[in-house]
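Student: quick one, what's the 3D model for this:
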Amino acid sequence: MVTDRFGTACLCVVLAGLLPAFAWAFQLLIALDLSSHFYHMYASLIGGSTSHKQVDRSKNIIIRLYYSSRFVLTVLCLFNEYFYVALFMRVADTTSPLAPLWTLVLYVSTPFWAVKQSINVVQLASAAHALVLMDEKDLDGDILRRRTQSFGSIVQAAKPLLANAATVETPAVAQEASSPTTASFSHLKKAD
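Tutor: Next comes the predicted model:
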C-alpha cells in the first residue's frame, strides 16, 4: 500500500510541474489518496481487523466490493495508474508516433480513474464515520478493550516494564546525594 501511495504521489507531483495550471488539482488528489487510505487503515486496525482489506458486512457496500473482489481492486488500481502515466506521456511527449496510443489509453482509463477517486471519497467518509463511532464507544471503555486485543502483545510486554520503572531506583539517583560534585558546589551556596 505504501508503494502504491508513493508512486501515485510522485506521478501527481511530476504532472503538477508539467501542468502548473492544474497543480492545485494534483495536490488535492494526493491529499485525497493519502488521507483516505490512512483513515481506512487506521479505522480498520483500531476496530480490531488484522488487515485493512478485511471489511465486515456492516461497512459501506462500495468499500466492501472494492476490497473483497480482487478483480475490482486490481482493475481500478491499474487503470488509475494508467491514467496518470498516459497523461504524463501525452503532455511530455507530443511528437512521438505513440501519441495516439497514449491518447486512447487516457480516454479508456479516465472512467476507471474517476470511479477510483469516488471510492477514495467514500472510503475517507466511511473511515471517518467509523472512527467517530469508535470514539463515542471509547467513552464507555469498549474501544480500550479492543485496542488492547489488537495491540495486545505490545501492551502486555510494556505493562511489567512500566510498573517496574516507577519503583526501581537507578544507581545515579542513589549516589547523587553523596556525590563529590554536589559537595564541591556547597561552598558556592554559602557565599551567597
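Student: got any ranges where the chain has weak pLDDT?
Tutor: By pLDDT under 70, the low-scoring segments of the chain are 1-2, 48-60, 138-192.
Student: what separation is there between the nearest residue to Trp113 once chain neighbours are set aside and Ile46?
Tutor: For Trp113, the nearest residue in space outside its immediate sequence neighbours is Phe83; the separation is 3.8 Å by C-beta to C-beta, 6 or more residues apart in numbering. Yep, even glycine has a C-beta here, placed from its N, CA and C like the rest. In this view, Phe83 and Ile46 are 32 Å apart by C-beta to C-beta, to the nearest Å.
Student: higher neighbour count, those two?
Tutor: Taking neighbours as other C-beta atoms under 10 Å, Phe83 and Ile46 compare with Phe83 leading, 23 against 18.
Student: show me what counts as buried in the lengthiest helix in the chain.
Tutor: For the chain, the longest helix by residue count, based on DSSP state H, is helix 99-138. By 16 or more other C-beta atoms under 10 Å, the buried positions in helix 99-138 come out as 102, 105-106, 109, 112-113, 115-117, 119-120, 122-124, 126-127, 130-131, 134.
Student: how about the strands in this structure?
Tutor: With strands called from DSSP state E, the chain shows none.
Student: how about the helices in it?
Tutor: Under DSSP H, the chain gives helices at 2-18, 23-46, 61-68, 70-92, 99-138, 142-150, 152-167, 171-176, 180-184, 186-191.
Student: before we move on, back to that, I'd say the residue nearest to Trp113 and Phe112 touch.
Tutor: Yes: assessed by C-beta atoms under 8 Å, Phe83 is found in contact with Phe112 at 7.2 Å.
Student: now do the longest helix of the chain against helix 70-92, angle only.
Tutor: 130 degrees (axes from the mean of the first three to the mean of the last three C-alpha atoms, to 10 degrees).
Student: packing partners of helix 99-138?
Tutor: With contacts taken as 3 or more C-beta pairs under 8 Å, 6 or more residues apart in numbering; DSSP states H and E, helix 99-138 sits against helix 23-46, helix 61-68, helix 70-92, helix 142-150.
Student: against which helices or strands is the shortest one packed?
Tutor: Contact partners of helix 61-68 among helices and strands, from 3+ C-beta pairs under 8 Å, 6+ apart: helix 70-92, helix 99-138.
Student: and the gap between the residue nearest to Trp113 and Trp102?
Tutor: Noted for Phe83: a distance of 11 Å to Trp102, by C-beta to C-beta.
Student: ok, now Ser96?
Tutor: 8 Å.
Student: which residues are in contact with each of those two?
Tutor: Here Ser96 and Trp102 share the contacting residues Met89, scored by C-beta atoms under 8 Å, 6 or more residues apart in numbering.
Student: great, nothing more from me.
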